[in-house]
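# the following comprises the amino acid sequence and a computationally predicted model.
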Amino acid sequence: MFRFIAPFNYLYFSRLRIKAEVYSLIYIYPLALAVYLFGFYGQSISEQGILFILLLVMWMLPYEVGYMINDSITVDYEKYPNRRISQNDVSFIRKNLPSIMLIRFGLLGAIVGVIMVTNLMEWTKMVYCGIYLALVSIAFQFHNRIRSRYNVLTYFVLCVLKYWFPVYFILGFEFGFEPYIILLFSFPVLRTIEHSVKPKYELLNWQAIIGPLDTFRAIYYGSGLLSVFIAGFFLKMNPIWLYVFTYFFLFRAGIFLLIKSGAYRRVVS
């Protein structure tokens, strides 16, 4: 049971096949958000660091339930099913899903209690946090039930909500909407494009345009970096645009060069 209730554990054993994928995920998600909030936007890590970690755990508790439903139920209705876990795990999830959900939401409630007792977040924000996570769970249910090209849209919504969640509850709107727009183009847009070229959507012309994903990722961030750099000469732009695209470009360009040199090879799951 532990492997299905511990936060991040299901993500690890169902989707991360090799250590390089673990490092990649850390770089593009928790580390990227930490650098964004505590580096680029100057939030105090001593004051907000614990809350940041708790928010990531809070996100994963219901989000991984969506993964489990996808892997144990939804996959049976797909034209090109991606079997991520063993049949034994599928059977276990189907049999114990109510218990898994109960324990996970119990852990979520415990974290909420810790945040309230330690005054890491105002109670009004905690209410918004609960509503946010409830909407995420509903969005994931739609994503798992819809079996069409509309899943590209539901995937985009989930990806945006994933990156905005810790930012909203730490930054709020202290810097307006710009932090959310920067995040939108720094990852969710690209990730949705990657998702849209999966064989199950049968968008053959689109797949041909995008081409190899590692090449496209490097081009996306390279083009974004160049566009921001050029725009900076004519417009008064927040330098965080430049910082963010540089952060991701260095990573994606490095992966691209490693693959081209033969030092790294993708594992298809």
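In hand now; what should we look at?

# show me the shaky parts of the stretch 151-269 of the chain.
Within the stretch 151-269 of the chain, the stretches with pLDDT under 70 are 266-269.

# rerun that using 80 as the cut-off
The stretch 151-269 of the chain contains residues with pLDDT under 80 at 262-269.

# and the helices in it?
Taking DSSP state H, counting those that start in this stretch to define them, one finds helices in the stretch 151-269 of the chain at 151-171, 178-186, 188-196, 204-210, 213-234, 240-261.

# any chance of JSON lines for those helices, columns distance to residue 7 and mean neighbour count?
All C-beta spots, glycine's among them, are computed from the backbone N, C-alpha and C. Converted to JSON lines, the helices of the stretch 151-269 of the chain look like this (distance: least, Cβ to Cβ, whole Å; neighbours: other Cβ atoms under 10 Å):
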{"stretch": "helix 151-171", "distance to residue 7": "14", "mean neighbour count": "19"}
{"stretch": "helix 178-186", "distance to residue 7": "22", "mean neighbour count": "18"}
{"stretch": "helix 188-196", "distance to residue 7": "21", "mean neighbour count": "17"}
{"stretch": "helix 204-210", "distance to residue 7": "33", "mean neighbour count": "11"}
{"stretch": "helix 213-234", "distance to residue 7": "27", "mean neighbour count": "16"}
{"stretch": "helix 240-261", "distance to residue 7": "25", "mean neighbour count": "17"}
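
# for residue 59, find the nearest of these.
Ranking the helices of the stretch 151-269 of the chain by their distance to residue 59 (criterion: Cβ to Cβ) puts helix 151-171 first, at 5.4 Å.

# coming back round to it: can you lay out the helices of the stretch 151-269 of the chain as JSON lines showing distance to residue 138?
Below are the helices of the stretch 151-269 of the chain laid out as JSON lines (distance: least, Cβ to Cβ, whole Å):
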{"stretch": "helix 151-171", "distance to residue 138": "10"}
{"stretch": "helix 178-186", "distance to residue 138": "20"}
{"stretch": "helix 188-196", "distance to residue 138": "18"}
{"stretch": "helix 204-210", "distance to residue 138": "28"}
{"stretch": "helix 213-234", "distance to residue 138": "30"}
{"stretch": "helix 240-261", "distance to residue 138": "29"}
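
# select, out of those, the one closest to residue 58.
Across those, residue 58 has its closest neighbour in helix 151-171 (8.3 Å, Cβ to Cβ).

# using PDB, write out every CA atom in that closest one.
Only the C-alpha atoms of helix 151-171 are listed here, as PDB (Å, rounded to 0.1, in the frame of the first residue of the first chain):
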ATOM      1  CA  ASN A 151      -7.700  15.800 -24.300                       C
ATOM      2  CA  VAL A 152      -5.000  18.200 -25.600                       C
ATOM      3  CA  LEU A 153      -7.100  21.000 -24.100                       C
ATOM      4  CA  THR A 154      -7.700  19.300 -20.800                       C
ATOM      5  CA  TYR A 155      -4.000  18.400 -20.600                       C
ATOM      6  CA  PHE A 156      -3.100  22.100 -21.200                       C
ATOM      7  CA  VAL A 157      -5.400  23.100 -18.300                       C
ATOM      8  CA  LEU A 158      -3.800  20.600 -16.000                       C
ATOM      9  CA  CYS A 159      -0.300  21.600 -16.900                       C
ATOM     10  CA  VAL A 160      -1.100  25.300 -16.300                       C
ATOM     11  CA  LEU A 161      -2.700  24.600 -13.000                       C
ATOM     12  CA  LYS A 162       0.300  22.500 -11.900                       C
ATOM     13  CA  TYR A 163       2.800  25.300 -12.500                       C
ATOM     14  CA  TRP A 164       0.500  28.100 -11.200                       C
ATOM     15  CA  PHE A 165      -0.400  26.400  -7.900                       C
ATOM     16  CA  PRO A 166       2.600  27.100  -5.700                       C
ATOM     17  CA  VAL A 167       3.200  30.500  -7.400                       C
ATOM     18  CA  TYR A 168      -0.300  31.700  -6.600                       C
ATOM     19  CA  PHE A 169      -0.100  30.700  -3.000                       C
ATOM     20  CA  ILE A 170       3.300  32.300  -2.500                       C
ATOM     21  CA  LEU A 171       3.300  35.300  -4.800                       C
END
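
# that concludes my questions; thank you for your assistance.
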